[in-house]
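**Q** All I have is the shape, not the residue letters:
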């Protein structure tokens, strides 16, 4: 396994690295299998809702500051039982969307009055509309609208 | 590798870990996950009962575990170690700050005590500077009154012949 650590300067650096991992390793989801109707099928063969549900139900766990950890999809799924934060869930959903040929983008957002960016989630372009696919917490729903004070495309 | 400043850690390449240790589950259960081509309903029920915190994602874990070989655990442990060191450094810095704050408080108390003493000394000096001349003037006035003939009581005559 390759482990690299670089000085984190800004959110764009994180976004760029997330995009690289998604682009380079989205095919991981073709070799990670899940059970469906009594059969084991690749994660990438799930429907959008099924994939969202699996990621949504993975426990949330924040990274320990000042370290931000991101990983390729199979590495994220391997460590799923210990939980994961919004970045890793965004990578999983975005990798799934890429494998299914659905256009996606990553959104960095804030809900705070001071507009400090603290969250990232993917959006899928379905029927010409960008729809939220934020699976960070188990009570989130696909396409759910989000109240934000600031949002930027990474 | 230092983690006392914001760092972006990226994990990629092949994951080849001892997943029993990583998942925090018993070796037998890890073997169950690793050897099964797929999990039966009974297997999942057993694992759910034993590890409810995993929220029933065993089929996913099982397949991920089946992909796992040896070799990568050291890197994950390395991250855990680095995280622990970062915590220790943070705790050490906090202790240093606490000691420095205490020292600042002690110095401030000492300076306040010195200032108080100086103020008291200055007040005493001021009182002496005012009090001494007043006392001297008063003493002088009393002495002057005693020497004045007008103020002297009339002495009775010695009486000679009557």
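**A** Nice, I can see it. Quick caveat, the model's predicted, so the values are computed rather than measured.

**Q** So for residue 9, what pLDDT did the model give?
**A** Defaulting to chain A. pLDDT for residue A:9: 81.

**Q** Let me rephrase: I mean chain B.
**A** Residue B:9 is given a pLDDT of 73.

**Q** Distance check, it against residue A:71.
**A** As defined by Cβ to Cβ, to the nearest Å, residue B:9 lies at a distance of 9 Å from residue A:71. Quick note: C-beta positions are derived from backbone N, CA and C, even for glycine.

**Q** Tell me which of those two has more neighbours.
**A** Under the criterion of other Cβ atoms under 10 Å in any protein chain shown, the comparison of residue B:9 against residue A:71 puts residue A:71 first, with 24 against 21.

**Q** burial measure for the closest residue to that one other than its chain neighbours, as a count.
**A** Nearest non-adjacent residue to residue A:71, counting by Cβ to Cβ, 6 or more residues apart in numbering or on different chains: residue B:11, 3.8 Å away. Neighbour count for residue B:11, taken as other Cβ under 10 Å: 22.

**Q** Show me the contact partners of the host helix or strand of residue A:108.
**A** Here residue A:108 sits within strand A:104-110, counting by DSSP states H and E. By Cβ atoms under 8 Å, 6 or more residues apart in numbering or on different chains, the residues outside strand A:104-110 that reach it are A:11, A:15, A:18-19, A:90, A:93-94, A:97-98, A:116-125, A:130, A:132-133, A:146, A:148-154.

**Q** same deal with stretch A:9-27?
**A** Residues beyond stretch A:9-27 that count as contacts (Cβ under 8 Å, 6+ apart) turn out to be A:6, A:8, A:68, A:70-74, A:87, A:90-91, A:94-96, A:98-99, A:106, A:108, A:117, A:120, A:154, B:6, B:8, B:10, B:12.

**Q** Which ones among these lie within helices?
**A** Residues of those located in helices (DSSP state H): A:73-74, A:87, A:90-91, A:94-96, A:98-99.
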